[in-house]
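Student: here is my input; please provide its structure:
(one chain, ligands or ions: 1)
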Amino acid sequence: MPTRVYLDWNATTPLRAEARSAMLAAWDLAGNPSSIHAEGREARRLVEEARATLAAAVGALPRNVVFTSAGTEANAMALSPGLRGSSGGPVERLLVSAVEHASVLAGGRFPVDRIGLIQVTRSGVVDLDHLKTQLKDGPPALVSIMAANNETGALQPVAEAASVVHEAGGLLHVDAVQALGKIPFDIKSVGADLATFSAHKIGGPKGVGALVMAEGVGGLEPVLRGGGQELNRRAGTENVAGIAGFGAAAKVTLQALPEDVKRMVTLRDRLENGLCGIAGATVFADNVARLPNTVLFTAPGLKAETAVIGFDLEGIAVSSGSACSSGKVQPSHVLSAMGYDPAMAQGAVRLSLGWSTGPEDINRALEAWRKLGNTLLKG
Ligand code: PLP
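Tutor: Alright, predicted model coming up:
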């Protein structure tokens, strides 16, 4: 029985050994990080160590890192009317790109009539001219643009967007969940006012995230109120083990980044060239800068659900670009925003690589696609 091949790293990643050790150690601590006795102080030490590690990894100050239950919560928290920063605000409306994650498209605490969409190009990259036009009419806006798209892997012009947004007196939030650990990402050099991260995309545990702010950003309304944790920005006893695992994963991921990127690009290119030689497959957003690990492809007549099941039966975990809700497969909102028709938007399959992906995994994926491409598309 051949071993399974995991090519769905954009959905989630396996736990790093370093994260597991950090979590096991933390689970053995009795203390609450808010308690002043020795047990409490030990738990606090782990939380603050992780905060310092994450802050250093993304170019922020530890006091501006707020740990949350997930990337989803950090996004919900970031989208807060009334935010202000050194270059603008208070914000009265929200502009989000049409290819954002559902947790951003949900709009946080902004009322629906205060939310606008920024268009993207056929390659899935934010249209900065459209952003400029949107910013011109109306009060200061909070703009939310992801650093890299989870489906296509397309990198977004977040640094350029930051200048445009600041010139218009607004603030920029960057969902960097897919960028961390795959490309260098630094909140200061991007010029972002707020950024979102998630532990489970970098080898940390599921169910831990962080909202990171630039110095001087204020007016954030907490989502959870109660105890004064996280400097009154997020109530609730901290997930000490999860946070310790996040910190450990961030440390090792950042250390390994240059080598991992080189290796993933080589494997990704080989995968892409191989796929495209079979059954007329084409890759989305292949003409723009992308994450080093992501391939979203389709072929004439391909049904994503059937392909995902076919790959699974061949022992390979991949995902579809379409979202499945209430049992019905919907066309991907990302591909729809890029102007693809629903049939094509329902035929996209995503393969995403990670640090333990090797040449044999790519061979197996190509072998499977040769088999599936030649059978699925003939029937
Ligand atoms: N933002 C992006 C771009 C994502 O890909 C995801 C997860 O898939 C999230 C946010 C949500 O993160 P979490 O799973 O930690 O809630």
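Student: doesn't residue 142 lie inside a helix?
Tutor: No - counting by DSSP: H, G, I helix; E, B strand; the rest coil, residue 142 falls outside a helix, being strand.
Student: where does it land on pLDDT?
Tutor: Confidence at residue 142, expressed as pLDDT, is 98.
Student: backbone torsions only: list them for residue 194.
Tutor: With angles defined as degrees, to the nearest 10, residue 194 sits at phi -140, psi 150.
Student: any idea what the residue nearest to it when sequence neighbours are not counted is bridged to?
Tutor: In this structure, residue 194 finds its nearest non-sequential neighbour in residue 173, 4.3 Å apart by CB to CB, 6 or more residues apart in numbering. Glycine gets a C-beta too; all of them are placed from N, C-alpha and C. The partner list for residue 173 in beta bridges (DSSP bridges) reads residue 144, residue 194.
Student: so residue 173 touches residue 195, yeah?
Tutor: Yes - Residue 173 sits in contact with residue 195 when judged by CB atoms under 8 Å, with a separation of 7.1 Å.
Student: burial count for the closest residue to the ligand within the stretch 51-200 of the chain?
Tutor: Closest approach between the stretch 51-200 of the chain and the ligand, counting by CB to the nearest ligand atom: residue 71, at 2.6 Å. Number of residues near residue 71 (other CB atoms under 10 Å) recorded here: 26.
Student: is it in contact with residue 202, as I believe?
Tutor: No - Residue 71 is beyond contact range of residue 202, at 11.0 Å (criterion: CB under 8 Å).
Student: tell me the contacts of the residue nearest to residue 194?
Tutor: The contact partners of residue 173, by CB atoms under 8 Å, 6 or more residues apart in numbering, come to 75, 78-79, 142-145, 192-196.
Student: could the residues you listed go into CSV alongside distance to residue 304 and neighbour count?
Tutor: CSV is the format used below for the contacts of residue 173 (distance: CB to CB, whole Å; neighbours: other CB atoms under 10 Å):
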residue, distance to residue 304, neighbour count
75, 25, 30
78, 31, 30
79, 30, 23
142, 33, 32
143, 31, 29
144, 27, 28
145, 26, 27
192, 33, 32
193, 36, 30
194, 33, 29
195, 30, 29
196, 27, 31
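Student: buried stuff in the helix ranked longest in the chain?
Tutor: In the chain, with assignment by DSSP state H, the single longest helix is helix 240-276. Buried residues in helix 240-276, defined by neighbour count with 16 or more other CB atoms under 10 Å: 240-254, 257, 260-261, 263-264, 267-268, 271-272, 274-276.
Student: how about stretch 156-171?
Tutor: Here stretch 156-171 shows 156-158, 161-162, 164-166, 168-171 as buried, counting by 16+ other CB under 10 Å.
Student: in helices, which of those fall?
Tutor: 158, 161-162, 164-166.
Student: ok, of these, which one's closest to residue 211?
Tutor: For those, the residue nearest residue 211 by CB to CB is residue 158; the value is 16.1 Å.
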